[in-house]
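J.: Have a look at this prediction, sequence included:
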Amino acid sequence: MDIFSQAHVNQAALAEAPAQNQQAQTSEIVPHHEHDEAHAHDSHSRVVAIAVDSSPIAEIVVNWAIKNFIQPTDLVVLLNARPFVTPPGSVYMDVASFIDRQEAHHRADSHKLLRAFASKLKQHKFATKAISLKGDVHEEIVRKAEEVEADTLIVGSRGLGFLSRVLVGSVGDYCVHNAHCPVIVVKPKAGELETVKAAVAERATSEVTLGA
C-alpha cells in the first residue's frame with residue numbers, strides 16, 4: 001500500500017490497499033509520516049468513514065456530510081473500492097497484460113476520484129485520509145470501516161427498487177446489516193440528483209475544453 005501524501009493531519013493521504021489474492025484481501029496501512037497516528041482516536045474525537053464512487057450520488061453524500069455531520073475534530077476516511085478485473089474471453093489475447101493494463105487504469109481512476117473528494121474536504125479544513133481498495137465493494141467497505149475503527153459509516157442510496165436490490169445488491173443495505181458501526185444512508189432529495197449530474201457534466205466539459 002502506497003500512501004501518496006500526508007504532510008500533516010489535515011492533508012489527504014491516499015493509500016492503496018492491494019489484494020493478496022482474489023479470495024482474501026489485505027489493506028494494512030503503513031504510516032507515512034510521523035504525524036500519521038496508528039490509531040485515529042488518539043488525535044481525533046471521531047472517525048467518519050464515507051464510501052464514494054464515480055456516481056453523482058457520491059458527491060451528494062460528501063456534500064451532505066460536510067453540511068450536516070462532520071465536525072472539525074473528526075477524521076474523515078474516504079473509501080473507494082474497485083472490483084477485480086475480469087479476464088477477457090478471447091484465448092488469443094495476452095490475458096496477464098490485459099489485466100495489468102486494466103488494473104492500472106482502474107487504480108488511476110480510483111486515486112483521481114479520491115484526490116478530488118479529499119481536496120473538497122481539505123477546503124473545509126477537515127482532516128482526511130483516502131483509501132483505495134480492491135475487491136467486492138460491499139465486503140471491502142465494511143471490512144475497512146471496521147479496520148479504521150470508524151464510529152460512523154456514511155453511504156449513498158441509489159434509490160433502487162426492491163427487485164433491483166435483490167438482483168444487484170445494495171451497498172447501503174449490506175452495510176446497514178453488516179457494518180460494526182452505525183450507518184447513515186444518504187438519499188438524494190427530489191431534483192438534487194439531476195442538479196448534481198448537470199454540474200458534473202458541465203465540469204467534465206470544462207476539463208475537456210481546457211485540455212484541448
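T.: Now that the structure is in, tell me what you want to look at. None of the values given here were measured: they were computed from a predicted structure.
J.: Please identify the helix or strand for residue 111.
T.: Per DSSP states H and E: residue 111 is located in helix 95-123.
J.: quick one: contacts for the residue lying closest to residue 62 once chain neighbours are set aside?
T.: Of all residues not flanking residue 62 in the chain, residue 117 sits nearest, at 5.6 Å (C-beta to C-beta, 6 or more residues apart in numbering). Where you see a C-beta, it was placed from the backbone N, CA and C, and this is true even at glycine. Counting by C-beta atoms under 8 Å, 6 or more residues apart in numbering, residue 117 makes contact with 50, 52, 58, 62, 78, 130.
J.: count of neighbours near the fourth one?
T.: Going back to what we said before, that points to residue 62. 23 (other C-beta atoms under 10 Å).
J.: cool, and the third one?
T.: Using other C-beta under 10 Å, residue 58 has 22 other residues around it.
J.: Secondary structure element holding residue 59?
T.: Counting by DSSP H and E, residue 59 is found in helix 56-68.
J.: what angle do that helix and helix 95-123 make?
T.: 30 degrees (axes from the mean of the first three to the mean of the last three C-alpha atoms, to 10 degrees).
J.: which helices and strands does helix 56-68 pack with?
T.: strand 46-51, helix 95-123, strand 152-156, strand 183-186, helix 192-211 (3 or more C-beta pairs under 8 Å, 6 or more residues apart in numbering; DSSP states H and E).
J.: Please work out the average pLDDT along that helix.
T.: In this model, helix 56-68 has an average pLDDT of 93.
J.: swap in stretch 72-89?
T.: On average, stretch 72-89 scores 86.
J.: that older thread, just checking, next helix/strand downstream of the helix holding residue 111?
T.: Counting by DSSP H and E, what follows helix 95-123 is strand 127-134.
J.: Just checking: what are the partner strands of that following strand?
T.: strand 13-17 (parallel), strand 74-82 (parallel) (DSSP bridges).
J.: now the last one and strand 152-156, what's the angle there?
T.: By that I understand strand 74-82. Using the same axes, to 10 degrees: strand 74-82 against strand 152-156 is 50 degrees.
J.: which residue sits closest to residue 95, ignoring its sequence neighbours?
T.: Leaving aside its sequence neighbours, residue 95 sits nearest to residue 87 (C-beta to C-beta, 6+ apart; 5.0 Å).
J.: Surely that neighbour and residue 98 touch.
T.: Yes. With contact defined as C-beta atoms under 8 Å, residue 87 counts as touching residue 98 (7.1 Å).
J.: Please say which of those two ends up with more neighbours.
T.: More crowded of residue 87 and residue 98, by other C-beta under 10 Å: residue 98, with 15 against 12.
J.: what's the distance between that one and residue 85?
T.: Distance from residue 98 to residue 85, counting by C-beta to C-beta, to the nearest Å: 8 Å.
J.: Any regions of the protein where pLDDT drops low?
T.: 1-42, 88-93, 159-169, 199-212 (pLDDT under 70).
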